[in-house]
Structures are given as C-alpha cells and as structure tokens.
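# Got a predicted structure plus its sequence, pasted below:
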Amino acid sequence: MAIAGDRSSFNRVPAPGLVLVGIASVQVGAAFATKLFVHLGPGGTVLVRVLFAALVLCAIWRPRIRAHTARELRLAALFGLALALMNFTFYEALDRIHLGIAVTLEFVGPLGVALVGSRTRVDVLWALFAAAGVALLGGVGGAQVTGVVLALTAGGFWAAYILLNARVGRTFSGGDGLAIAMAIGTVPLIGPGIADGGSNLLHPAYLAAGFAVALLSSVVPYSLELEALRRLRPHVFGVLMSLEPAMAALAGLVVIGQGLSALDVLAIALVVIASTGATLGARGPAPVDA
C-alpha cells in the first residue's frame with residue numbers, strides 16, 4: 001500500500017532499505033508506546049494505536065462492507081481478533097519486560113510457522129537455537145515471568161496472524177481485508193482500553209502521541225513492506241525480517257535507555273540466527289510484520 005499516489009519516491013529506495021526502515025519504524029513506535037503506559041496503561045495505548053490505524057487504513061482503502069460475503073467478513077473478523085490479541089498481549093508484556101526481550105520471545109511465533117512441517121535435520125538445529133535463546137531469556141523471576149508468558153502468547157497470536165494474513169491476502173483485493181480487520185480488531189480492545197486509560201483517552205496530547213504510534217507501528221511499515229514485497233523474493237524478505245529482535249534491542253536502548261546484559265544479547269543472537277536459518281530453508285510464507 002502506498003500512502004501517496006506517486007510511487008516514484010519508493011522506487012528510488014532499494015527494496016531492502018524499505019524493509020529495514022519498516023522494521024525500525026515498528027520498533028521505534030513500540031518504544032515510544034511504552035512512554036504512554038504511565039498515562040494510558042498498555043490497554044489504553046493499544047486501543048488508541050489500533051483505533052487510529054484502523055481509521056487511517058479505512059480512509060486510504062475505503063473498503064465496502066456490502067461488497068463482501070458473510071464468509072469473507074468472518075475471515076476478516078478472525079484476522080482482526082488475532083491482530084487485537086497479538087497487540088494487546090505484546091503491550092502487556094512490554095509493561096513488564098524490555099522491548100528487545102519481548103520482541104525476541106514474540107518472534108518464536110513466526111519462527112514456529114517457518115519450522116512447522118520441517119523434514120530436514122538442519123531445521124531441528126534452528127529449533128534448538130531458538131529454544132536455547134528462549135530458555136536464556138525465560139530464566140527470570142517475579143513479575144518478569146508474567147511478561148515472558150505474555151510475550152510468548154503474543155508470538156502465538158502472531159503465528160495465527162501470519163496464517164490468516166495469507167488467506168486474507170488471497171480473498172480480498174488491495175488493503176480491504178486489513179482495513180476491515182483492523183476496524184473489527186478495535187472492538188475487543190475497547191473494554192480493557194477504557195479500564196486502563198480512563199478519561200486520559202480524551203486528552204489531546206495523549207491522542208496525538210497515540211496517532212504517532214499508530215503511524216510508526218502500523219501504517220508506515222505496512223506501506224513500506226508491501227512495496228518491498230513487490231520487488232523482493234520472499235526468502236530475502238524473511239531474512240531481513242529476522243533482524244527484528246536485534247532492531248528492537250537497539251530501539252529499546254536508544255529511545256528509552258533499556259540496556260541488556262551479555263546473556264540477553266546472546267539469547268537474542270540465537271533467535272536471530274535460528275530465524276534466518278529457518279527462513280532460508282523454508283518454502284512457506286515469510287514472516288509478516290505485525
């Protein structure tokens with residue numbers, strides 16, 4: 001999806017550059033989102049993000065509900081539910097553990113999709129790499145255990161998102177399916193969002209910040225990645241997406257000062273290596289950014 005009508009500016013940027021900018025945008029958006037937690041809570045923050053993303057995507061694509069069958073709309077609803085639960089559990093995890101750790105744990109979801117049905121021994125090695133990374137990151141106590149569980153749960157919903165995204169892409173034209181799903185996904189977030197954010201959800205400054213997070217975390221990366229996918233082979237796109245945990249760690253350090261231990265860095269590296277290896281050996285769809 002190109003937000004602007006003229007794609008010439010996109011065409012001047014190498015496709016790998018578009019993917020990397022999209023990844024950076026997602027993680028910087030997530031880092032900035034944590035600054036809203038003190039005012040809106042994770043529930044209020046994710047509500048504002050998804051709501052604004054839905055409004056922007058619907059304004060761009062102008063989906064026609066009546067043009068789709070009940071079966072197609074049910075598919076979009078499932079997609080939207082997976083999207084909502086993925087973002088909600090991820091933001092709840094971010095409220096408890098560092099961004100780089102949360103994204104690395106969440107990345108187990110798409111990595112699992114790449115490894116499902118594997119018949120090669122080398123893919124067992126990638127699974128062991130990923131398991132070792134998760135074990136290193138999971139060796140924490142107290143409130144962090146809840147954060148680890150939430151991040152892994154978000155990864156499960158990310159896996160569902162990827163599988164449903166492929167079906168939505170085949171069923172709907174353009175960005176209609178995503179726009180409808182994003183709008184539907186807003187509904188289950190209303191209750192937790194109001195409970196967390198309360199009257200602060202009406203504060204202009206927090207709404208403006210939420211709009212910026214929506215652009216950084218949803219609209220901009222979706223646009224860049226869709227354009228990149230027109231010019232990149234899926235396995236190349238997947239390898240680039242495997243850098244996401246490392247980019248998350250960098251964004252956490254630069255934007256919100258979240259340092260990581262040497263053990264954390266090793267764990268993230270193991271998951272990145274596992275994801276890269278699995279992507280190069282996979283024949284299925286590459287991970288799609290959430």
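Looks like it arrived, so ask away.

# what's the spacing between the residue nearest to residue 279 when sequence neighbours are not counted and residue 211?
Using Cβ to Cβ, 6 or more residues apart in numbering and skipping residues adjacent in sequence, the residue nearest residue 279 is residue 238, 3.5 Å away. Backbone N, C-alpha and C define where each C-beta goes, glycine included. Computed as Cβ to Cβ, to the nearest Å, the residue 238 to residue 211 distance reads 30 Å.

# The two: which is more packed in?
Taking other Cβ atoms under 10 Å, residue 238 and residue 211 do not tie; residue 238 has more neighbours (24 against 18).

# helices and strands around the helix or strand that the more buried one is a member of, which ones?
With secondary structure defined by DSSP states H and E, residue 238 is part of helix 234-241. In terms of contacts (3 or more Cβ pairs under 8 Å, 6 or more residues apart in numbering; DSSP states H and E), helix 234-241 is packed against helix 15-61, helix 220-229, helix 262-281.

# Please look at the residue nearest to residue 279 and residue 281 and confirm they touch.
No - if you go by Cβ atoms under 8 Å, residue 238 and residue 281 don't touch, sitting 10.3 Å apart.

# Relative to residue 19, how far out is the residue nearest to residue 279?
In terms of Cβ to Cβ, residue 238 sits 10 Å off from residue 19.

# Equivalent analysis for residue 252, please.
Counting by Cβ to Cβ, the gap from residue 252 to residue 19 is 20 Å.

# Kindly report the same for residue 195.
For residue 195, the distance to residue 19 - Cβ to Cβ - is 36 Å.

# what about those two, which has more around it?
A count of neighbours by other Cβ under 10 Å puts residue 19 above the other of residue 195 and residue 19, at 26 against 12.

# give me every residue that touches that one.
Applying Cβ atoms under 8 Å, 6 or more residues apart in numbering to residue 19 gives the contacts 224-225, 228, 232, 237, 240-241.

# Tell me the helix or strand right after the strand or helix carrying residue 160.
Assessed by DSSP H and E, residue 160 sits inside helix 143-171. Downstream of helix 143-171, the next assigned helix or strand under DSSP H and E is helix 176-186.

# what packs against that following helix?
By 3+ Cβ pairs under 8 Å, 6+ apart, helix 176-186 packs against helix 15-61, helix 70-94, helix 143-171.

# how about the CA coordinates for it, as CSV?
Output of helix 176-186 as CSV, limited to C-alpha atoms (Å, rounded to 0.1, in the frame of the first residue of the first chain):
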residue,chain,number,x,y,z
ASP,A,176,-9.6,-4.0,2.1
GLY,A,177,-9.1,-7.1,4.3
LEU,A,178,-6.5,-5.4,6.5
ALA,A,179,-8.6,-2.3,6.9
ILE,A,180,-11.8,-4.2,7.8
ALA,A,181,-9.8,-6.5,10.2
MET,A,182,-8.2,-3.5,11.9
ALA,A,183,-11.6,-1.9,12.4
ILE,A,184,-13.1,-5.1,13.8
GLY,A,185,-10.0,-5.6,16.0
THR,A,186,-10.6,-2.3,17.7
